[in-house]
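# Here is a sequence with its predicted model. Questions after.
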Amino acid sequence: MTNIAKIVLAGFVLVTLAAPALAHHSAAAYDTQKEVRLSGTITQYRFGNPHVYMILQVRKPDGTTNAVEVEAGAASVLNPLGFKKDSLAVGDVVTIVGNPGRNNADQFLLGKDLYKQDGSYIPLNIASRSIYTSNTTETAGSIAGTWFPPRNEFNAFLGGTRNWSITEKGKAAIATNNDPKATTQKDCIPIGAPAVMFYPVADTITVQTDKVVMKVDWMESERTIYLDGRKHPTPTQTFLHGHSIGRWEGDTLVVETTNFKEHPMGLSTSLPGSTQKRLIERFRLSPDHKSLIYSGVIEDPVYLTKPVEWSGQWLYRPNMPHSNEKCDLEVARKFLSN
């Protein structure tokens, strides 16, 4: 396995309770203090989750060629920035800006920006600029539709976890949960709600008479909120995203979710969630109908000494498609063979 395998997978972003700012998965294999620009021909291209990979054949000054493996972000994350599956193809001649491998600078590159021969730009990293304008006149008539939580909202939510009041068991879990190989995302199991709801990916809400379905374009995450008056099942029945029942308060959807499975990343990237975890979530339109206000309260007496409140916004993006790429276990576990 190559040095790329030494990268610590975090889907695309991992933030610990001690780190308020977002960070890409560990870039230990790359020299992030150095930026290089390489031009060449794409000879291999794999669009997928949790990473996009390509091989760039670069011509050296002496006339020989060199194959450079380029790692980009996840398809689900790059999709909202404007990188689609058909944005690139084998045979394309491109220029890529990025960080070289720390020990094999001529073999590996962490891609940031890509430019095609026609001058068009393609983002390769979650922190890259989007090709889309932020200005939009589109407005929503209800919470139904496709929404996009911008990266700064995800940053704010996970960064705020450092201020949570944690139990002694929670503190012990954080202290011991520092092995990057322990991430559940190596098994294509996403972080728990509500954090997963803030991932900067397409999130489509479908409102029906008896239920609301939410599809998050990250590791096939899907939630169903039942509106038919049913109760939660017995505590022995647990689910990855819990069991959700909801009601309407005017135009606001209020959701109660219980029956969570034990999850090593149930509350944050370093704080587990227990079967006693309980969420109350509220989804409502902003006054200008251009965004959705997502707020709520988390309770988990096993890991939190008191309930935690949060609030954030998703942007209305009715024409934003999902990547429709399932999490690839081979790619997700690539970093384990080091």
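Nice, thanks for sending it over.
# Can you pull out the low-pLDDT segments for the stretch 101-250 of the chain?
By pLDDT under 70, the low-scoring segments of the stretch 101-250 of the chain are 134-135, 178, 180.
# so how many other residues sit close to the closest residue to Arg102 other than its chain neighbours?
Spatial nearest neighbour of Arg102, chain neighbours left out: Asp31 (4.8 Å); criterion: CB to CB, 6 or more residues apart in numbering. (Each C-beta comes from the backbone N, C-alpha and C, glycine too.) When neighbours are counted by other CB atoms under 10 Å, Asp31 registers 15.
# Residue numbering should commence at 2 henceforth.
With the count now opening at 2, the last piece we talked about shows up as Asp32.
# Let me know the pLDDT of Asp32.
Per-residue pLDDT puts Asp32 at 89.
# Can you give me the distance of it to Ala128?
17 Å (CB to CB, to the nearest Å).
# Equivalent analysis for Thr134, please.
Computed as CB to CB, the Thr134 to Ala128 distance reads 18 Å.
# Which one's more surrounded, these two?
Neighbour count, other CB under 10 Å: between Thr134 and Ala128, Ala128 has more, with 14 against 6.
# Just say helix, strand or coil for that one.
Look at Ala128: counting by DSSP: H, G, I helix; E, B strand; the rest coil, its state is coil.
# how about the strands in the stretch 2-151 of the chain?
37-47, 53-60, 66-73, 94-101, 109-117, 122-124, 146-149 (DSSP state E, counting those that start in this stretch).
# what does the stretch 202-339 of the chain give?
Shown for the stretch 202-339 of the chain, the strands assigned by DSSP E, counting those that start in this stretch span residues 204-208, 212-217, 222-227, 244-250, 253-259, 279-286, 292-300, 309-317.
# Quick one: end-to-end length of stretch 178-185, please.
12 Å (CA to CA, to the nearest Å).
# Equivalent analysis for stretch 158-167, please.
End-to-end span of stretch 158-167 (CA to CA): 16 Å.
# buried stuff in that stretch?
158-162, 165, 167 (16 or more other CB atoms under 10 Å).
# Among those, which ones are in helices?
Taking DSSP state H, the ones among the buried residues of stretch 158-167 that sit in helices are 158-161.
# residue contacts, the most centrally placed residue in the chain?
Geometric centre of the chain, nearest residue: Tyr200, 4.2 Å, by CA atoms, centre = their mean. Residues in contact with Tyr200 (CB atoms under 8 Å, 6 or more residues apart in numbering) are 12, 77-78, 150, 155, 191, 217, 219.
# re earlier: Thr65: which of the buried residues of stretch 158-167 is nearest?
When these are compared for distance to Thr65 (CB to CB), Leu159 wins out at 45.0 Å.
# quick one: the closest one from Asp211, how far?
Distance from Leu159 to Asp211, by CB to CB: 33 Å.
# So for Ile192, what's the nearest residue that isn't a sequence neighbour?
Met266 (4.6 Å).
# hang on, that neighbour packs against Asp188?
No: if you go by CB atoms under 8 Å, Met266 and Asp188 don't touch, sitting 11.0 Å apart.
# Looking at these two now, which is surrounded by more residues?
Higher neighbour count among Met266 and Asp188: Met266, with 24 against 11, using other CB under 10 Å.
# could you check the distance from the more buried one over to His52?
From Met266 across to His52, the span is 18 Å (CB to CB).
# buried stuff in stretch 217-225?
Using 16+ other CB under 10 Å as the test for burial, stretch 217-225 gives 217-220, 222, 224-225.
# Dump that stretch to PDB, restricted to CA.
Included here for stretch 217-225 are C-alpha records, laid out as PDB according to Å, rounded to 0.1, in the frame of the first residue of the first chain:
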ATOM      1  CA  VAL A 217     -28.400  13.100   3.500                       C
ATOM      2  CA  ASP A 218     -25.800  12.500   0.800                       C
ATOM      3  CA  TRP A 219     -23.200  11.100   3.200                       C
ATOM      4  CA  MET A 220     -22.700   7.300   3.600                       C
ATOM      5  CA  GLU A 221     -26.300   6.600   2.600                       C
ATOM      6  CA  SER A 222     -27.700   8.400   5.600                       C
ATOM      7  CA  GLU A 223     -31.500   8.400   5.600                       C
ATOM      8  CA  ARG A 224     -34.000   9.200   8.300                       C
ATOM      9  CA  THR A 225     -37.800   8.700   8.400                       C
END
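# Can you tell me what sits against it?
Counting by CB under 8 Å, 6+ apart, 12, 50-51, 75, 77, 80, 186, 189-191, 194, 197-198, 200, 202-204, 212-216, 242, 245, 323-324, 327-328 sit against stretch 217-225.
# if we go to 6 Å?
Identification of contacts with stretch 217-225 by CB atoms under 6 Å, 6 or more residues apart in numbering yields 77, 189, 191, 197, 200, 202-204, 212, 214-216, 242, 323-324, 328.
# can you give me phi and psi for Asn320?
phi -100, psi 10 (degrees, to the nearest 10).
# domain ranges for the chain?
Using automatic domain parsing, the domain parsing of the chain gives 4-134, 146-317.
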